[in-house]
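> I would like to see how this sequence folds:
(one chain, ligands or ions: 1)
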Amino acid sequence: MIYVTRRAEFSASHYYHNPKFSPEQNRRVFGKCSNPLGHGHNYTVEVTVGGPIDPATGMVLDLKDLKTLLEQEVVELMDHKFLNKEVPAFAEKNPTTENLAIEIWKLLAPKLVQGKLHRIRLYETADLFVDYYGE
Ligand code: NI
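Just a heads-up that it's a prediction; the model follows:
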């Protein structure tokens, strides 16, 4: 098994809140992130696909296809969006880095035609990232 990784970037805004919390609780739990006007991040996502090398091509999968898939399924959906309001998955779920990584997995896993999705690594800032392995 060999693993290949493709990276993409997108910018999006979000805020955190729990509708079951009072405004005070939301402020206490989520701090500055609870401002409903939102704030932005420049996200970097790394998608890692594992599989055997196809002897005919010497590749696990065509990395150009993986780039196109990432652009179509993730970047188009999330880039320059207010995640809470514009991405249906986050209408009632906080768009945390954790939940975003899981959502990106769900978007990509069923569309891969070669290889198997191994990991989604999502950076919210240069010094903070989340890894998701599908479970
Ligand atoms: Ni944030």
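
> from Leu122, how far off is Asp54?
Applying CB to CB, to the nearest Å, one obtains 28 Å for the distance of Asp54 from Leu122. Yep, even glycine has a C-beta here, placed from its N, CA and C like the rest.

> and those two? Which one has more around it.
Taking neighbours as other CB atoms under 10 Å, Asp54 and Leu122 compare with Leu122 leading, 24 against 13.

> tell me if Leu122 really is in a strand.
Yes - under the criterion used here (DSSP: H, G, I helix; E, B strand; the rest coil), Leu122 sits inside a strand.

> in contact with it, which residues are there?
Shown here is Leu122, whose contacts under the criterion CB atoms under 8 Å, 6 or more residues apart in numbering are Tyr43, Thr44, Val45, Glu46, Thr97, Leu100, Ala101, Ile104, Phe129, Val130, Tyr132.

> nearest spatial neighbour of it, skipping sequence neighbours?
If the residues on either side of it in the chain are set aside, Leu122 comes closest to Ala101, at 4.4 Å by CB to CB, 6 or more residues apart in numbering.

> backbone phi and psi for that neighbour, please?
phi -60, psi -40 (degrees, to the nearest 10).

> thought it was touching Tyr123?
No - under the contact definition of CB atoms under 8 Å, Ala101 does not touch Tyr123, with a separation of 10.1 Å.

> list the residues that contact both of the two?
Val45.

> neighbour count winner among the two?
Neighbours of Ala101 and Tyr123, each counted by other CB under 10 Å, are more numerous for Ala101; the result is 22 against 18.

> so who does that one touch?
Contacts for Ala101 (CB under 8 Å, 6+ apart) come out as Val45, Ile120, Arg121, Leu122, Val130, Asp131, Tyr132.

> need the max-distance pair from those.
Comparing every pair within these by CB to CB identifies Val45 and Asp131 as the most remote, at 11.4 Å.

> more neighbours: these two, which one.
Under the neighbour definition other CB under 10 Å, Val45 and Asp131 were set side by side, and Val45 has more, 22 against 12.

> need the pLDDT of the more buried one.
Confidence per residue is given as pLDDT, and for Val45 that number is 98.

> same deal with the one 3 residues further on?
Model confidence at Thr48, expressed as pLDDT, equals 98.
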